[in-house]
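1. heads up, no residue letters with this:
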């Protein structure tokens with residue numbers, strides 16, 4: 001059986017840390033920013049952690 005290939009589309013969107021956490025970028029940060037508060041915009045810059053079954057699926061896709 002061959003090696004597990006990583007899905008490149010998922011590799012661009014998600015990151016798996018050494019401890020096994022799955023991180024992704026926040027949504028709602030691209031446009032329509034003028035009517036959002038400064039604190040909201042600051043929060044969107046941080047990466048958020050994925051949990052549960054979705055995290056497991058992403059790890060499998062990433063080959064980890």
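-> Yes, it's here. Quantities reported herein were computed from a predicted structural model and do not represent experimental measurements. Residues are numbered from 1 along each chain as shown.
2. Please enumerate the helices of this protein.
-> 8-13, 38-45, 53-62 (DSSP state H).
3. show me the contacts for the residue nearest the centre of the chain.
-> Residue closest to the average C-alpha location in the chain (C-alpha atoms, centre = their mean): residue 24, at 1.5 Å. Contacts for residue 24 were tallied using C-beta atoms under 8 Å, 6 or more residues apart in numbering; they are 13, 14, 15, 47, 48, 50. All C-beta atoms are positioned from the backbone trio N, CA, C, and that covers glycine.
4. swap the cut-off to 6 Å and go again
-> By C-beta atoms under 6 Å, 6 or more residues apart in numbering, the contact set of residue 24 is 14, 50.
5. And residue 48, by the same measure?
-> Contacts of residue 48 (C-beta under 6 Å, 6+ apart): residue 26.
6. go on, residue 18?
-> Residue 18 neighbours (C-beta under 6 Å, 6+ apart): none.
7. re earlier: against residue 37, how distant is the residue nearest to the centre of the chain?
-> From residue 24 over to residue 37 the distance is 22 Å, taken as C-beta to C-beta, to the nearest Å.
8. again, but for residue 53
-> Counting by C-beta to C-beta - residue 53 and residue 37 are separated by 33 Å.
9. Show me what residue 16 is bridged to.
-> With DSSP bridges as the criterion, residue 16 is bridged to residue 22.
10. Count the neighbours of it for me.
-> Using other C-beta atoms under 10 Å, residue 16 has 18 neighbouring residues.
11. hmm, back to that, which one of the helices of the chain is the most hemmed in?
-> helix 53-62 (a mean of 14; mean count of other C-beta atoms under 10 Å).
12. Now do that helix: which elements does it pack against?
-> Under the contact definition 3 or more C-beta pairs under 6 Å, 6 or more residues apart in numbering; DSSP states H and E, helix 53-62 sits against no other helix or strand.
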